[in-house]
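Student: I'd like to go over a predicted model; first the sequence, then the structure.
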Amino acid sequence: MSTKILVLYYSRGGSVRKMAEEIARGIESIADCEAMLRTVPPVATITEKQAHQTTAEKDPYASLEDLKICDGLAVGSPTRFGNMAAPMKYFWDTTGDDWFSGTLIGKPAAVFTSTATMHSGQESTLLSMMIPLLHHGLLIVGVPASEAASLSTKTGGSFYGPTHFAGPNNDPNLSEDEIKICRSLGKRLAEVSVKLKG
Ligand SMILES: Cc1cc2nc3c(=O)[nH]c(=O)nc-3n(C[C@H](O)[C@H](O)[C@H](O)COP(=O)(O)O)c2cc1C
């Protein structure tokens, strides 16, 4: 049976989705590993009922079943005031039953983000996204310095997880180093998922 890795993201302008695609490529470079790309709905003043999915969105909305069937997961969100965006936080706020039953305990997880600026929120967003994952008992996987691009990058990239510097106009095109770091993270997450599943 294939190792399934959930790539769960929110993206308004497309930058975080580009990162999700590259992470999925890294995951699928490992034999028998399958990336499940899933997004989350936007939140509105009334959020009890999930908004209808629009055809503009490229991936299906994540379900709680996805958390049960995945062997590992990567979580991505744009930085909003140094933190994850509300739709991603809202998704995690619906996972209380899975926290209680331990659905995710012992599975590996990684985080990624995109920002307008170089120095206003990348690492704080990555660290804050790790908090609900640690509550769920997930094991955090980062990008070690053995990935040379994480040392040479002049744009995004960190040991805590891949990042993209999108600039003030939110350019979603990733730099060569950012692509390498996304793929490297995807590959590592897949390798760790296979080992832990084994
Ligand atoms: C309400 C709001 C808050 C934001 N806060 C930050 C921030 O704290 N730091 C930053 O560098 N960029 C910030 N941004 C910019 C986004 O993080 C950036 O454009 C990101 O690349 C968007 O990703 P997406 O295209 O996947 O939606 C903010 C954008 C919005 C709309």
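Tutor: Right, received. Where do you want to start?
Student: Let me know whether the longest helix belonging to the chain sits next to the ligand.
Tutor: Counting residues, the longest helix found in the chain (DSSP state H) is helix 176-197. No: using CB under 6 Å from any ligand atom, helix 176-197 stays clear of the ligand, with a minimum separation of 11.7 Å. To be clear about C-beta, it is placed using only N, CA and C from the backbone, and glycine gets the same treatment.
Student: Which other helices and strands does that helix contact?
Tutor: Here helix 176-197 touches strand 3-9, helix 15-28, strand 33-39, strand 72-80, strand 108-115, helix 149-152, strand 163-165, going by 3 or more CB pairs under 8 Å, 6 or more residues apart in numbering; DSSP states H and E.
Student: what separates stretch 172-189 from the chain centre, distance-wise?
Tutor: Computed by CA atoms, centre = their mean, to the nearest Å, the separation of stretch 172-189 from the middle of its chain amounts to 12 Å.
Student: about what we covered before: just name the most buried of the helices and strands packed on helix 176-197.
Tutor: Among those, strand 108-115 has the highest mean neighbour count (mean count of other CB atoms under 10 Å), at a mean of 28.
Student: wait, what's in contact with Ser15?
Tutor: Going by CB atoms under 8 Å, 6 or more residues apart in numbering, Ser15 touches 78, 114, 164, 166, 170-172.
Student: Could you work out the most separated pair of the residues you listed?
Tutor: Across the contacts of Ser15, the longest distance by CB to CB is 13.2 Å; it joins Pro78 and Asp171.
Student: okay, the residue nearest the centre of the chain: pLDDT?
Tutor: Centroid check for the chain by CA atoms, centre = their mean gives Val75 as the closest residue, at 2.3 Å. Listed pLDDT for Val75 reads 98.
Student: low-scoring stretches of the protein, by residue?
Tutor: 45-51 (pLDDT under 70).
Student: Can you pull the residues of it lying near the ligand?
Tutor: 11-16, 78-82, 114-117, 120-121, 166, 170, 172.
Student: ok, 8 Å please
Tutor: Contact residues, the chain versus the ligand (CB under 8 Å from any ligand atom): 9-19, 76-83, 85, 113-118, 120-122, 125, 164, 166, 170, 172.
Student: ok, back up a step: between the helices and strands packed on helix 176-197, which one is closest to Gly198.
Tutor: Nearest of the helices and strands packed on helix 176-197 to Gly198, taken as CB to CB: strand 3-9 at 9.4 Å.
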